[in-house]
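Peer 1: sequence plus predicted model, see below.
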Amino acid sequence: MADSEKSFADFVGKGKLIKEAAQGFNPPFSSPNPDDDLIVFGTYLTSCENKNVEVGTIRQNYSDGVVERKDIVKDVKARALRSMTNVKSVVAYKPYERGLEITYRKLRNYKVPGGKKPNPDDKKRNKGEQSFADIENLYKTFLEGLTLIPGYTHLDTTLKLPALNTLYTTFHNKNIAMAKLDAKEKIVTAERRDMFHKETTGLLDRMLSIKDATKNQYGLTSPEYLSIRGIRI
């Protein structure tokens, strides 16, 4: 089963060719199958085309989100580094250094998943989502450690606790948004697969049905059938 974006777009294009050809048949095209009705078929083609757009939009939003989330992780690690340096350099904070250092090293060494967005059916996608959740939890633990330091602060406003907590909220919300996009993509991808490939009612079988109906109505060597016979499905 072909499942590339190009193949789905090609199927819609072939459906349009069949519909346009059949609209010009004389006498008018007729089939005992209600789904072969050209108005009904045209409406279904539009639905398939809209589903392609929906899948493409969600996948683009996910790809954009991957880049945005990676930038957030870079910011998280950069601020964690400077915060850790601050703890080490202030005498009053030194007693808390060891506990924070353990969490910081885990956060620093946690690798961000690769840049290429996995296929929605790929198990690596789920692993990637879990990795970002792990990084979020490590950052949260690190912030909790900073909060335990009496009077903790920093000269840079972006490294004070309110700003660090705001960054955590941004990261948390992005992870939630990405998880929702991931779930939504899986749903619409499955819906599209059914719309195109489901037996009898899917687009491919509908196109084959119209071709068969044309052959039955006009004959194997008729101009009508010959005009669509070469459209490969």
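Peer 2: Received, thanks.
Peer 1: so what does the lowest-mean-pLDDT helix or strand in the chain touch, helix or strand wise?
Peer 2: Every helix and strand in the chain was compared by mean pLDDT, DSSP states H and E; the lowest is helix 123-147, with a mean of 85. Contact here means 3 or more C-beta pairs under 8 Å, 6 or more residues apart in numbering; DSSP states H and E; on that basis helix 123-147 packs against helix 38-89, helix 97-109, helix 161-197. (Each C-beta comes from the backbone N, C-alpha and C, glycine too.)
Peer 1: could you check how far the residue nearest to the spatial centre of the chain is from Glu5?
Peer 2: Centroid check for the chain by C-alpha atoms, centre = their mean gives Arg59 as the closest residue, at 3.6 Å. Using C-beta to C-beta, to the nearest Å, we find Arg59 at a distance of 8 Å from Glu5.
Peer 1: on that earlier part again, will you turn the helices and strands packed on helix 123-147 into a markdown table that also has distance to Ser227?
Peer 2: A markdown table is the format used below for the helices and strands packed on helix 123-147 (distance: least, C-beta to C-beta, whole Å):
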| stretch | distance to Ser227 |
| --- | --- |
| helix 38-89 | 14 |
| helix 97-109 | 64 |
| helix 161-197 | 23 |
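Peer 1: dump those helices to CSV, plus mean pLDDT and distance to Lys140.
Peer 2: Formatted as CSV, the helices and strands packed on helix 123-147 follow (pLDDT from 0 to 100; distance: least, C-beta to C-beta, whole Å):
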stretch, mean pLDDT, distance to Lys140
helix 38-89, 97, 10
helix 97-109, 95, 10
helix 161-197, 97, 6
